[in-house]
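Novice: Build me a model from this:
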Amino acid sequence: MPSLFEPLTLGAITAPNRALMSPLTRCRATKAHVPVPMMGEYYSQRAGAGLIISEATGISQEGLGTPFAPGIWSDAQLEAWKPIVEQVHEAGGRIICQLWHMGRLVHPDFIDGAPPISASATTGPGKIRTYKGKKPYEQARALLLEEIPRLLADYEMAAANAKKAGFDGVQLHAANGYLIDQFIRSNSNFREDEYGGPIENRIRLLGEVTQRLVDVWGADCVSVRMSPNGDSQGADDATPVETFTAAAKLLNNIGIGFLELREPPPHGTYGNTDIPAVSPDIRKVFDAPLVLNSDYDKDRAQAALDAGVCDAIAFGRTFITNPDLVERMRQNAPLNPALGGKTPWDFTPTWYSQGPEGYIDYPSLDDEKTSLAS
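Specialist: Now for the predicted structure:
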């Protein structure tokens, strides 16, 4: 069985190891969602990952409802991404852009008071951060059938901008209860047209958006992220194995470079769940590399590779606190705890703050050696 430190071909990308950096929202862009230079240092510090999947990046103002998250729909955003990507490449890394539309989880404050769009007229649970503090979600309106070409064009333009910015590929964010997931899942999609009802209709938008990205990039530079296990920000499905296996078959037929699944373990950091894993069923129908994510450490990651359940692991919070995570795992070196915490997984407000603290100041092994020597 492959080691975590062996190379892997992910479509058009040759990853030098199987420890990928998962997409991590960090909220360091401007209020206008323009990336800032500090983000170049952050990502280039982590260039030792087999592949960096960028933080979720908005395809349009309509689809972005997180304060200080980056977008890639405007010329200013495109130009700001260019030096960031270049820094990663200069450090020897590879980075793809995750394309994001939040659907019903966009608060009207972000879109001039207009209601957000979704598969159906539903409302996300709980509250969302806005520039004016936390507010309850508001009811979305169902995306009109005649609006879907415009949505597809937004994804295509964002993909083209990512290519102009120099990224090595793109990933479609189809997970975590956001727009594509809202179409896929049965408890958020009550449409009666060709995008609702049977599974093949509910996954139609997933296929159409993915194909638009493929038209821009080629299939081997496109990947998709899904989260097939249980409730995700209020989105759930009555038949997850059937639904997400069908989605994986569709993506397999399109020929994408790899598929990433967020699949929390039974006793993960975010609480316990007894929901069975869907990845074994997806593994049977998806031929390209399969990447798993959520609450992995080195031992659990290697065990997953040894069992053949996946081809690579995407690490999240441990990459926040350990810019040289791959080397630390290779040397069995201790991991940095989160700022103010005792473990790398402890939540800290600096995950989503706007400054350098808890962002670009976590030490590498080399930094620690230099500090000891002095």
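Novice: Helix, strand or coil: sort out P323 for me.
Specialist: coil (DSSP: H, G, I helix; E, B strand; the rest coil).
Novice: now F167
Specialist: Per three-state DSSP, F167 ends up coil.
Novice: In terms of pLDDT, where does it sit?
Specialist: You'll see F167 listed with a pLDDT of 99.
Novice: Backbone dihedrals for the residue nearest to it when sequence neighbours are not counted, please?
Specialist: Once flanking residues are discounted, F167 sits nearest to C97: 4.5 Å by C-beta to C-beta, 6 or more residues apart in numbering. Every residue, glycine included, has its C-beta placed from N, CA and C. The phi/psi pair for C97 (degrees, to the nearest 10) reads phi -100, psi 120.
Novice: With A140 instead?
Specialist: Phi and psi for A140, reported as degrees, to the nearest 10, are phi -80, psi 160.
Novice: what do you get for A15?
Specialist: Dihedral angles (degrees, to the nearest 10) for A15: phi -90, psi 130.
Novice: what residues are up against the residue nearest to F167?
Specialist: By C-beta atoms under 8 Å, 6 or more residues apart in numbering, the residues touching C97 are S54, T57, I72, W81, A162, A165, F167, G169, V170, Q171.
Novice: which residue ranges form the strands in the stretch 101-250 of the chain?
Specialist: 117-118, 127-130, 133-136, 141-142, 170-173, 222-226 (DSSP state E, counting those that start in this stretch).
Novice: What's the end-to-end length of stretch 16-23?
Specialist: Distance across stretch 16-23, first residue to last, is 19 Å (C-alpha to C-alpha, to the nearest Å).
Novice: could I get the strands of the stretch 101-250 of the chain as JSON lines with mean pLDDT and mean neighbour count?
Specialist: Formatted as JSON lines, the strands of the stretch 101-250 of the chain follow (pLDDT from 0 to 100; neighbours: other C-beta atoms under 10 Å):
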{"stretch": "strand 117-118", "mean pLDDT": "98", "mean neighbour count": "24"}
{"stretch": "strand 127-130", "mean pLDDT": "96", "mean neighbour count": "16"}
{"stretch": "strand 133-136", "mean pLDDT": "96", "mean neighbour count": "10"}
{"stretch": "strand 141-142", "mean pLDDT": "98", "mean neighbour count": "17"}
{"stretch": "strand 170-173", "mean pLDDT": "99", "mean neighbour count": "28"}
{"stretch": "strand 222-226", "mean pLDDT": "98", "mean neighbour count": "28"}
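Novice: Using JSON lines, lay out these together with distance to S364.
Specialist: Below are the strands of the stretch 101-250 of the chain laid out as JSON lines (distance: least, C-beta to C-beta, whole Å):
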{"stretch": "strand 117-118", "distance to S364": "42"}
{"stretch": "strand 127-130", "distance to S364": "31"}
{"stretch": "strand 133-136", "distance to S364": "35"}
{"stretch": "strand 141-142", "distance to S364": "48"}
{"stretch": "strand 170-173", "distance to S364": "26"}
{"stretch": "strand 222-226", "distance to S364": "27"}
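Novice: Tell me which of the ones you listed lies nearest to C27.
Specialist: Nearest to C27, of all the strands of the stretch 101-250 of the chain, is strand 127-130, at 8.9 Å by C-beta to C-beta.
Novice: could you pull out the helices for the stretch 101-250 of the chain?
Specialist: Along the stretch 101-250 of the chain, the stretches classed as helices by DSSP state H, counting those that start in this stretch are 148-165, 179-184, 199-202, 204-217, 240-254.
Novice: Quickly compare those helices and say which is most buried.
Specialist: helix 179-184 (a mean of 28; mean count of other C-beta atoms under 10 Å).
Novice: State the mean pLDDT of it.
Specialist: 98.
Novice: And stretch 302-314, by the same measure?
Specialist: 97.
Novice: per-residue confidence at the residue nearest to F167?
Specialist: Reported pLDDT for C97: 99.
Novice: So what sits opposite it in the bridge?
Specialist: V170 (DSSP bridges).
Novice: I'd say A15 and G50 touch.
Specialist: Yes: between A15 and G50 there is a contact under C-beta atoms under 8 Å: 3.4 Å.
Novice: anything in contact with each of these two?
Specialist: Contacts common to A15 and G50, judged by C-beta under 8 Å, 6+ apart, are P7, L8, R94, A312.
Novice: Most neighbours among these, please name it.
Specialist: The member of those that has the most neighbours, counting by other C-beta atoms under 10 Å, is A312 with 26 neighbours.
Novice: Without its sequence neighbours, what residue ends up closest to S120?
Specialist: F190 (4.3 Å).
Novice: Same question for L152.
Specialist: Per C-beta to C-beta, 6+ apart, closest to L152 is R212, 5.2 Å.
Novice: So that neighbour versus E41, what's the distance?
Specialist: Separation of R212 from E41 (C-beta to C-beta, to the nearest Å): 32 Å.
Novice: if I look at the closest residue to F244 other than its chain neighbours, how far off is D181?
Specialist: Take F244 and drop its neighbours on the chain: the residue closest to it by C-beta to C-beta, 6+ apart is P228, 3.8 Å away. Distance of P228 to D181, given as C-beta to C-beta: 10 Å.
Novice: again with G103
Specialist: For G103 relative to D181 (C-beta to C-beta), the value is 8 Å.
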